[in-house]
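>>> next input, structure requested:
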Amino acid sequence: PRDGRFIEEIGYYDPLKEPAVIKINEEKALDWLRKGAQLSETARSLFNKAGILKKTAEEGQ
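Okay, the predicted model is just below:
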């Protein structure tokens, strides 16, 4: 964790691989977003690349 403790690890990002690896547990991520978790700009970008934000938008319809 960069600025403090984390509550739960739901994935990882490895920018040194080619191509970069983004692995996020979708079920846990969606659960935290439903609970009202707020994403940092970086987390929002990674969730968007992983397709998770699209799924939250689809749930809202």
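>>> how near is the one residue sitting closest to the centre of the chain to residue 3?
Note on the chain: the residue nearest the mean C-alpha position is residue 47, at 4.0 Å, using Cα atoms, centre = their mean. Plainly put, residue 47 is 18 Å away from residue 3 if you go by Cβ to Cβ, to the nearest Å. Backbone N, C-alpha and C define where each C-beta goes, glycine included.
>>> check residue 38 too.
13 Å.
>>> for residue 11, what are its contacts?
Contacts of residue 11 were listed using Cβ atoms under 8 Å, 6 or more residues apart in numbering, and they are 22-25, 29, 50.
>>> right, I mislabeled it, should have said residue 10
Taking Cβ under 8 Å, 6+ apart, we find residue 10 in contact with 24-25, 28-29, 32.
>>> could you rerun that using 7 Å?
Contact analysis of residue 10 by Cβ atoms under 7 Å, 6 or more residues apart in numbering lists 24-25, 28-29.
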